[in-house]
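Asker: kindly return the folded structure for what I paste below:
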Amino acid sequence: MLDSLSLQDNGVPIYVQLREQILGLIGRGALKPGQQVPTMRQVAVALSIDLNTVQRAYGELEAEGVLSKLRGVGTFVTEAPPSSQRGARGAHRRAEEFAYRVAAQARGQGIALDELAVALAKLAERGA
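Answerer: Sure, this is the predicted structure:
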């Protein structure tokens, strides 16, 4: 997993980039449910970033139900997708909030929203 992570100086906070990249790895199936993720310290050292930054990203992913921490054992990708853990209530709001974050990242990387929409539509067609 560590070799898949890269951070950019694009105005998007480092912890947000890290969180979104981990979500991307899970979405692509590179990280599977039940799989252990590297320790926060391993990530901090590999990316040469502050441990508090990694803790913030992991903490948000844990709060979102994407990761679960077992004291003394490690941090793992949750078995059930977060949407099924939280139920259907608020799904529209979460989708909208996520869309705002993705749009901000796209703009930060110089990707037009219409290009992003086309790419997302292609992913939807493929069932990704």
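Asker: where's Leu61, which helix or strand?
Answerer: Assigned by DSSP states H and E, Leu61 belongs to helix 51-63.
Asker: would you mark the buried spots in that helix?
Answerer: Residues of helix 51-63 classed as buried: Thr53, Val54, Arg56, Ala57, Tyr58, Gly59, Glu60, Leu61 (neighbour count, 16 or more other Cβ atoms under 10 Å). C-beta coordinates here come from the backbone N, C-alpha and C atoms, glycine included.
Asker: got CSV for those, with pLDDT too?
Answerer: Putting the buried residues of helix 51-63 into CSV (pLDDT from 0 to 100) gives the following:
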residue, pLDDT
Thr53, 97
Val54, 97
Arg56, 97
Ala57, 96
Tyr58, 96
Gly59, 95
Glu60, 93
Leu61, 93
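Asker: closest to Met40 among those?
Answerer: When these are ranked by distance to Met40 (Cβ to Cβ), Val54 comes first, at 4.4 Å.
Asker: pretty sure the closest one contacts Met40?
Answerer: Yes. Counting by Cβ atoms under 8 Å, Val54 touches Met40, with 4.4 Å between them.
Asker: what's the first helix or strand after the helix holding Leu61?
Answerer: Scanning forward in sequence from helix 51-63 by DSSP H and E, the next helix or strand is strand 67-70.
Asker: buried set for the following helix or strand past that following strand?
Answerer: For strand 67-70, the following helix or strand on the C-terminal side (DSSP H and E) is strand 74-77. Within strand 74-77, the residues scored as buried using 16+ other Cβ under 10 Å are Thr75, Phe76, Val77.
Asker: thank you, goodbye.
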